[in-house]
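>>> for reference, the sequence and a predicted model appear below.
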Amino acid sequence: MEDRVSRPGLILVFSGKRKSGKDYVTDLIQTRLGSEVCCVLRLSGPLKQRYAQEHGLDLDQLLGPGPYKEQYRADMIRWGETRRNQDPGFFCRLAVRGAWQPVWVVSDARRLSDLQWFWTEFPQQTRSVRVQSSEETRRGRGWSFTAGVDDAESECGLDSGVEFDWIITNDVDALSLDEQLRPILDLALEAAPSSINNPANKT
Ligand SMILES: Nc1ncnc2c1ncn2[C@@H]1O[C@H](COP(=O)(O)OP(=O)(O)O)[C@@H](O)[C@H]1O
Ligand SMILES: C[C@@](O)(CCOP(=O)(O)OP(=O)(O)O)CC(=O)O
């Protein structure tokens, strides 16, 4: 991936608890917009890459949804926090490196410092989105409360103090995701140059 950082037209910074559906919702946005218009950036990507390198771990498994990453989650959180305390933008800068699409979707902001980095670097373009699901729904997706993880800043850092631009409710009985995402998708299409946001150009 090249190092060039382009200026996107819109950055959607997502946050939400474990198993609220951040990956599901952000993948859906990318499917709707197409990969020419939209990329999904994960702050945890470069974090896991560095952590795996330093600890001799299997990166693919750390990136996957299985139990492997859960074994290391609490230690990765502590390790990442040390890095962020030295340099709050460390993982944000790495995550956006090489992104060239007009719409960036950041799937996993966890702390105010993550959001603040985007607000400072891209004040015009940044919007915040919260994905929320009930504990019952999250349990159905495999979540169970883990001390040291679910009560740490990694999960709770954005629970209060932020007025999100949008809140998406991702429960079975909620309004359909497509309906909830409509204003976000409309804004994203406005931010993309018309040559690539014409649905006729998409396969
Ligand atoms: N609206 C939905 N419909 C069906 N499955 C969903 C929905 N939202 C999330 N899931 C599933 O729940 C699990 C957890 O979602 P995920 O997006 O990985 O959560 P997070 O990234 O917030 O931890 C995944 O298996 C995902 O496919
Ligand atoms: C150390 C972490 O980056 C691990 C994040 O891993 P994922 O982003 O895979 O987590 P979920 O989608 O919530 O299951 C958390 C952090 O504090 O940065």
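Structure's in. What do you need? Ligands and ions are numbered 1, 2, ... in the order given.
>>> all contacts plus neighbour counts: C-alpha atoms, from now on.
Noted.
>>> could you find the closest non-adjacent residue to the residue nearest the centre of the chain?
By CA atoms, centre = their mean, the chain has its centre lying nearest to Ser107, at 1.1 Å. Closest residue to Ser107 apart from its sequence neighbours, by CA to CA, 6 or more residues apart in numbering: Phe14 at 4.9 Å.
>>> burial count for that neighbour?
Counted by other CA atoms under 10 Å, the residues lying close to Phe14 total 26.
>>> that older thread, what sits against the residue nearest to the centre of the chain?
Residues in contact with Ser107, defined by CA atoms under 8 Å, 6 or more residues apart in numbering, are 13-15, 22-23, 26, 40-43.
>>> flag every residue of this structure that's near ligand 2.
Residues of the chain lying close to ligand 2 (CA under 6 Å from any ligand atom) are 18, 44, 73, 76-77, 80, 154.
>>> before we move on, back to that, quick check, the residue nearest to Ser107 in a strand?
Yes. Phe14 sits within a strand when classified using DSSP: H, G, I helix; E, B strand; the rest coil.
>>> that one bridge partners, please.
Beta bridges link Phe14 to Val129, judged by DSSP bridges.
>>> right, and it touches Trp104 too?
No. Phe14 is beyond contact range of Trp104, at 10.6 Å (criterion: CA atoms under 8 Å).
>>> Gln49 touches Asp58, doesn't it?
No. Contact criterion CA under 8 Å: Gln49 and Asp58 do not qualify, at 9.3 Å.
>>> which residues of this protein score low on pLDDT?
Residue ranges of the chain with pLDDT under 70: 1-6, 195-203.
>>> so Arg7: helix, strand or coil?
Here Arg7 is recorded as coil under three-state DSSP.
>>> and for it, the neighbour number?
15.
>>> quick one: contacts for it?
Here Arg7 is in contact with 100, 102 (CA under 8 Å, 6+ apart).
>>> which stretches of this structure form helices?
Residue ranges of the helices in the chain, as given by DSSP state H, are 22-33, 44-55, 59-63, 67-86, 90-96, 112-121, 135-140, 153-156, 177-191, 194-197.
>>> does the first one reach ligand 1?
Yes. Taking CA under 6 Å from any ligand atom as the criterion, helix 22-33 and ligand 1 are in contact, through 22-24.
>>> what's the answer for the longest one, then?
No. Using CA under 6 Å from any ligand atom, helix 67-86 never reaches ligand 1; the gap is at least 11.3 Å.
>>> next, the buried residues of that helix.
Buried residues in helix 67-86, defined by neighbour count with 16 or more other CA atoms under 10 Å: 69, 73-74, 76-77, 80, 84.
>>> same thing with stretch 130-143?
130-133, 135, 137-138.
>>> and those near ligand 1, which?
Near ligand 1, judged by CA under 6 Å from any ligand atom, there are no entries from these.
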